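A.B. asks: Build me a model:
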Amino acid sequence: MAILCVNGQFVEVAANPSTPLIWILREQLGLIATKYGCDNFVCGACSVVVNGKTIRSCSFPLSSINEGDEIMTVEGFSNQNQAISKQLPVSTVNFKVALDAG
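C.D. replies: Down below sits the predicted model:
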């Protein structure tokens, strides 16, 4: 068993230490926004952030994660952006949407 901090929440997972992080995130934790892409560690579809550093989760085994390491997935960033948007004035949110669209 390993205890991971994923998107600010502590979770316990059971996996072989050589299991790539992507499969723990997708299969055990249901965090499917992290994708399996090229299998060559270059496309970035499997990217997550561990302790502020972007890593390729398809080549990052569970054994490389230490207790207390903070893992942030696409879902975690999405939740952060939603929380920030709720704190902004409506005019600021509309301006951001207009910039993103155009």
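
A.B. asks: tell me, how many neighbours does the closest residue to Ala2 other than its chain neighbours end up with?
C.D. replies: Using C-beta to C-beta, 6 or more residues apart in numbering and skipping residues adjacent in sequence, the residue nearest Ala2 is Val13, 5.4 Å away. For the C-beta atoms, the positions are set from N, CA and C on the backbone; glycine is no exception. Number of residues near Val13 (other C-beta atoms under 10 Å) recorded here: 18.

A.B. asks: Per-residue pLDDT of Val13, please?
C.D. replies: Note on Val13: pLDDT of 93.

A.B. asks: Ile84 too?
C.D. replies: So, for Ile84, pLDDT stands at 44.

A.B. asks: Please apply the same query to Val50.
C.D. replies: Looking at Val50, its pLDDT is 95.

A.B. asks: quick one: contacts for it?
C.D. replies: By C-beta atoms under 8 Å, 6 or more residues apart in numbering, Val50 lies in contact with Phe60, Ile65, Asp69, Glu70, Ile71, Met72.

A.B. asks: Which residue is the nearest non-sequential neighbour of Cys58?
C.D. replies: Cys46 is the one closest to Cys58 (C-beta to C-beta, 6+ apart), at 4.2 Å.

A.B. asks: err, Gly68, not the other one
C.D. replies: Closest residue to Gly68 apart from its sequence neighbours, by C-beta to C-beta, 6+ apart: Cys5 at 6.8 Å.

A.B. asks: hang on, the one you found packs against Glu70?
C.D. replies: Yes - at 5.1 Å, Cys5 and Glu70 qualify as touching, with contact defined as C-beta atoms under 8 Å.
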